[in-house]
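Peer 1: here's my sequence, what's the structure:
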Amino acid sequence: MLDSLTFLFEKLFLLSNLNLFHFIWSDDEKCASCCQTSSFQRGDLLEVPRTLFIHFGIYLGDNKVAHLIPDFLPVLTNDKCQIMKVVSNKRLLLGVLTKNASIRVDTVEDFAYGSNILVNSMDRTFKKQPLPNENVAKRAENLIGAIPYSLLWNNCEHFVTYCRYGSAVSLQTDKFCECLKSVVRDQRSVLITAVLGLISIIYLGMAPSTTLPTLLIPFILWMAG
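Peer 2: Model (predicted):
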């Protein structure tokens with residue numbers, strides 16, 4: 001039982017620190033302050049750290065960045081003045097939940113949100129050679145507008161990899177899915193979910209809302225493992 005709990009906490013820690021899956025920035029990598037845009041070239045792939053993920057964008061020149069960001073506001077209004085304000089955390093969360101997003105252009109400062117920016121770091125690990133910078137920027141500009149959002153299948157990393165390399169790929173998503181697979185494959189997950197389900201029945205009583213998940217989730221994990 002102790003081994004099972006250790007396993008669970010280990011996986012939860014990995015999932016809650018998803019940005020650790022991405023490249024750890026070293027001193028010799030090209031990292032720039034959000035105000036030092038003179039070092040950026042049109043078509044550069046920019047990335048900044050967030051709490052649980054890395055956010056990506058394509059530099060368009062003139063201190064502008066195109067990036068895909070979840071946003072629910074365009075569904076509610078056509079007021080461009082309101083829509084073009086910096087996306088708040090509430091707007092972002094509602095966009096994720098409702099699967100709405102937009103590819104929009106913001107200043108480098110708004111894109112960075114106070115973080116340092118890493119430039120073209122993905123070039124050293126991506127299997128394909130980057131397209132010419134001007135082509136990259138034009139691809140990004142052609143995609144500006146509302147777009148469906150998927151946390152796993154159509155996020156900001158898919159957008160920039162399509163623009164720069166011609167293939168929509170998310171390394172963060174791949175790592176996340178691998179972590180989930182390891183949880184499903186490990187049969188200790190069955191024991192953990194069964195125990196948690198029994199505890200919920202003891203404290204909340206026997207009801208469909210507690211009994212069905214207690215039986216169904218361990219069964220699914222057992223069959224998938």
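Peer 1: mind listing the helices for this structure?
Peer 2: 2-16, 73-76, 80-83, 89-98, 108-112, 133-142, 156-165, 171-185, 188-204, 208-224 (DSSP state H).
Peer 1: which of those has the lowest average pLDDT?
Peer 2: When mean pLDDT is averaged over each of the helices of the chain, helix 2-16 scores lowest at a mean of 42.
Peer 1: spell out which residues make up each domain of this protein.
Peer 2: Domain segmentation of the chain under automatic domain parsing yields 2-10+178-224, 21-176.
Peer 1: distance-wise, check the closest residue in space to Ala101 that isn't next to it in sequence relative to Ala140.
Peer 2: Sequence neighbours aside, Tyr149 is the residue nearest to Ala101 in space, at 3.5 Å (criterion: C-beta to C-beta, 6 or more residues apart in numbering). C-betas here are computed from N, CA, C, even on glycine. For Tyr149, the distance to Ala140 (C-beta to C-beta, to the nearest Å) stands at 17 Å.
Peer 1: who has more neighbours out of the two?
Peer 2: More crowded of Tyr149 and Ala140, by other C-beta atoms under 10 Å: Ala140, with 27 against 22.
Peer 1: ok, that one touching Gly61?
Peer 2: No - with contact defined as C-beta atoms under 8 Å, Ala140 does not reach Gly61; the gap is 11.1 Å.
Peer 1: surely the residue nearest to Ala101 meets Leu97?
Peer 2: No - contact status for Tyr149 versus Leu97: not in contact, 9.7 Å apart, counting by C-beta under 8 Å.
Peer 1: what lies in contact with stretch 157-170?
Peer 2: Stretch 157-170 is contacted from outside by 43, 45, 54, 56-58, 67-68, 103, 122, 126, 128-131, 136-137, 139-140, 143, 152, 154-155, 171-173, using C-beta atoms under 8 Å, 6 or more residues apart in numbering.
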